[in-house]
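[1] for reference, the sequence and a predicted model appear below.
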Number of protein chains: 2
Amino acid sequence: MTFKLHHQLAADTAPVCDLPFSTVLLMNDARFPWLILVPRQTDVREIADLGASERGTLMEEIALVSNVLREVAPCDKLNVAALGNVVPQLHVHVVARVEGDAAWPNPVWGSGQAKPYDDNWKNGLIGAIRTRLGMD
Amino acid sequence: MTFKLHHQLAADTAPVCDLPFSTVLLMNDARFPWLILVPRQTDVREIADLGASERGTLMEEIALVSNVLREVAPCDKLNVAALGNVVPQLHVHVVARVEGDAAWPNPVWGSGQAKPYDDNWKNGLIGAIRTRLGMD
């Protein structure tokens, strides 16, 4: 079966790039610099259902994306989470949090309404992330 | 410097056991079967600040604890998250979520008031988890 990005993730994000294991997306919410990693696996819902080697790769992609995100969006804390209560396709959030941001200190999920990016800002941010990931 | 569990984590949880890398705690909230892994590292706040080998070990301990938790508390979804907005010591939540639980489909953090366990229930749950982790 071919991997297909869940329609809700596609609707809420802009594509950034494909890492070897995961597709990287930018959440279209200018309130929080927020990336999502989606392992290109079919029918996997839990991290615990990946193989050990796949989990190791995912963990390193989480660390890579975390480091790039905090370079382009200096922050007080990263939030890393695989929830999936709403969207069943396995995906990992990496969110740069700043003290006093729109949800601080609570989680970002379900907190108020997303504020879509201005296109120039979004494209600039995606470009900066791609460059640091060695994609350009 | 010797590892010391953050006082807030100590206050909110009961000890389960020590895995090779992380200490496992049970959140004292009977609304959600909820374990917390605390890597016994000093002054580490982000997963990305661990070494690659440490991250690999942490990932496998997350998978181990996830599998044990869903055995003792069958669930519809696991939520795995390293947030740390409030408690700076690196810790990873592993929460068994059931459709229609007290926070569903929202995250558990900041959702209503914790409902402390009855002692017998808590000790039984901890015993079942320890047994499956090979600790008894």
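    That came through fine.
[2] contacts, neighbours, all on C-alpha from now
    Noted.
[3] do the helix or strand A:A81 falls within and chain B meet?
    Using DSSP states H and E, A:A81 sits in strand A:77-82. Yes: applying Cα under 8 Å from any Cα of the partner chain, one finds strand A:77-82 in contact with chain B at A:77-82.
[4] tell me the bridge partners for the most centrally placed residue in chain A.
    Among the residues of chain A, A:I36 comes closest to the average C-alpha position under Cα atoms, centre = their mean, at 1.5 Å. For A:I36, the beta-bridge assignment (DSSP bridges) gives partners A:L25, A:H93.
[5] surely it touches A:N28?
    No: applying Cα atoms under 8 Å as the test, A:I36 and A:N28 come out as separate, 10.8 Å apart.
[6] contacts only, for the one residue in chain A that gets nearest to chain B.
    Closest contact between chain A and chain B, by Cα to the nearest Cα, is at A:A81 (4.0 Å). Applying Cα atoms under 8 Å, 6 or more residues apart in numbering or on different chains to A:A81 gives the contacts A:92-94, B:79-83.
[7] then A:I126?
    With contacts defined as Cα under 8 Å, 6+ apart, the neighbours of A:I126 are A:16, A:26.
[8] tell me which element it falls in.
    Take DSSP H and E as the rule and A:I126 turns out to sit in helix A:119-132.
[9] over to A:A103?
    With the criterion set as DSSP H and E, no secondary-structure element contains A:A103; it sits in neither a helix nor a strand.
[10] quickly note the distance from it to A:D12.
    For A:A103, the distance to A:D12 under the criterion Cα to Cα, to the nearest Å works out to 18 Å.
[11] look at the two and report which has more neighbours.
    When A:A103 and A:D12 are compared for neighbours, A:A103 comes out ahead with 17 against 14, by other Cα atoms under 10 Å in any protein chain shown.
[12] how about A:R55, secondary structure?
    helix (DSSP: H, G, I helix; E, B strand; the rest coil).
[13] brilliant, that's me finished.
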